[in-house]
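*Asks:* The following block contains a protein sequence and its predicted model.
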Amino acid sequence: MKKIPSVVLSIVCGAIAAPSFAATTVLECGKLLDVKSGTWRDKVSITIDNKTITSIGPWGANTNALNLRAYSCLPGLMDMHVHLSDDPKPQVQQLRESLSSDTADFAFGSVRLAERTLMAGFTTVRDLGAADGLNVAMKRAIDAGSIVGPRMFTAGKAIGTTGGHADPSNGLSQAMRKANGKPGPENGVINSVDSAREAVRSRYQEGADLIKITATGGVLSQASSGQNAQFTDEELNSIVKTAKDYGFRVAAHAHGNEGIKRAVRAGIDSIEHGTYMDDEAIALFKKHGTWYVPTISAGKFVAEKAKIPDYFSPLVQPKAAAIGPLIQSTFSRAYKAGVKIAFGTDAGVFPNGENAKEFRYMVEAGMPELAAIRSATLGAAELLNQSQRLGSVESNYAADIIAVSGDPLKDISVLEKVEFVMKDGQIYKKPGQK
């Protein structure tokens, strides 16, 4: 497997305009949403120093303050399920690119996706799977200031079983599988308790921040089932125990009901998609305190593309048509039952940068606007174990602030048109800038 050094991403930095930054910055917001109390504060001045919010008070007489008096300010948004290394395309094109492109080609292409995500107001993301160390290298490049993008928490290579959703050899001919060798734990493919443990340790070696497994079949993999359980209880327990030893939280892709329940019982921190969860599964979520990350946007996208002849392969098309339309109704049942929900979209399955459409789908399904915003701020921060520095605009928190025209508590769609973006005290987008 080819490895990608962070320098591959870093050398493109000259193509991106440097963000506006000053040691001390003052923003004057017309309104500021206190996500904890759920109320607006009027005529608020926010002082930022060295990447951190130092004080919040009324408008002052600072002539150098950035004027956001016509705008509503909120904490930077967080998406708990993205893939910044790719955007959707017909699967024939995907196959062609996989045969003709190198990891560096994907790295250069991913730079614009990271920037697009940040400019949409998403200052923090969990990237839940990329091959060849791509998302880990991208995180290093962003942290170094070499490229523009959101704060990243990365899973490195997702972990699956042989033939499972995260097996990179799915769909290959026997000759190609023999030529490339059977993928193992280093490549995120396991078949036993011991190899499960080794795969987690390989992610630690890779530089990941968390573990992502594929507990069931998936829609876009070249395999017949999109929902079958793909790990034994013993393998799941080994992954969770080893992950906890290394300080990792664990996210599990899971559509099928049995795989969802196995993962929750094993102590997984979050279930992604959750399409076929039943009432028993919902009860297990609540019993174990498991987070649900819905990804309605991805479901809607693949359902629409399933109607286009030859967009998906013959294996994928029926899965996309069956699973995609169900996620929004599953989300509605889970929310009404009191399951903890963190905002997540599976961007990369649909175009990166369109993440905020998820808010509209959540509200359509019965979640109030404030609860939807909290899922992308307070809830996401709690899932990341970052509640002491992310998810709110208050003193001693990271200076991640966005601004929009209008009131998202009355019209959630205004979050699809973010006018101002600050991350870690640096201004990346000002009103009027596309």
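*Replies:* Cool, the structure landed.
*Asks:* Using CSV, write out every CA atom in stretch 299-319.
*Replies:* Output of stretch 299-319 as CSV, limited to C-alpha atoms (Å, rounded to 0.1, in the frame of the first residue of the first chain):
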residue,chain,number,x,y,z
GLY,A,299,-29.3,8.4,2.0
LYS,A,300,-31.3,11.0,-0.1
PHE,A,301,-28.4,11.4,-2.5
VAL,A,302,-27.9,7.6,-3.3
ALA,A,303,-31.6,7.1,-3.5
GLU,A,304,-31.8,9.7,-6.3
LYS,A,305,-28.7,8.4,-8.1
ALA,A,306,-30.1,4.9,-8.0
LYS,A,307,-32.8,6.1,-10.5
ILE,A,308,-30.1,7.0,-13.1
PRO,A,309,-29.2,4.0,-15.3
ASP,A,310,-25.6,2.9,-14.9
TYR,A,311,-24.7,5.5,-12.2
PHE,A,312,-24.1,2.6,-9.8
SER,A,313,-23.0,-1.0,-10.5
PRO,A,314,-25.6,-3.8,-10.6
LEU,A,315,-24.6,-4.8,-7.1
VAL,A,316,-24.9,-1.3,-5.7
GLN,A,317,-28.0,0.0,-7.4
PRO,A,318,-30.6,-2.1,-5.6
LYS,A,319,-29.0,-1.4,-2.2
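*Asks:* Run through the strands of the stretch 251-400 of the chain in chain order.
*Replies:* 270-273, 291-293, 340-341 (DSSP state E, counting those that start in this stretch).
*Asks:* swap that for the stretch 51-200 of the chain, sorry
*Replies:* In the stretch 51-200 of the chain, the strands defined using DSSP E, counting those that start in this stretch lie at 52-58, 66-75, 77-82, 122-127, 151-154, 160-161, 189-190.
*Asks:* which regions of this structure lie under the pLDDT threshold?
*Replies:* Along the chain, segments meeting pLDDT under 70 span 1-22.
*Asks:* Would you confirm that residue 321 contacts residue 303?
*Replies:* Yes: applying C-beta atoms under 8 Å as the test, residue 321 and residue 303 come out as touching, 6.6 Å apart. The C-beta positions use only the backbone N, C-alpha and C, and glycine is treated the same way.
*Asks:* returning to that earlier point: looking at the strands of the stretch 251-400 of the chain, which one is packed in the most?
*Replies:* strand 270-273 (a mean of 29; mean count of other C-beta atoms under 10 Å).
*Asks:* still on that earlier bit, in CSV: the strands of the stretch 51-200 of the chain, plus distance to residue 202.
*Replies:* Formatted as CSV, the strands of the stretch 51-200 of the chain follow (distance: least, C-beta to C-beta, whole Å):
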stretch, distance to residue 202
strand 52-58, 35
strand 66-75, 34
strand 77-82, 22
strand 122-127, 17
strand 151-154, 14
strand 160-161, 13
strand 189-190, 10
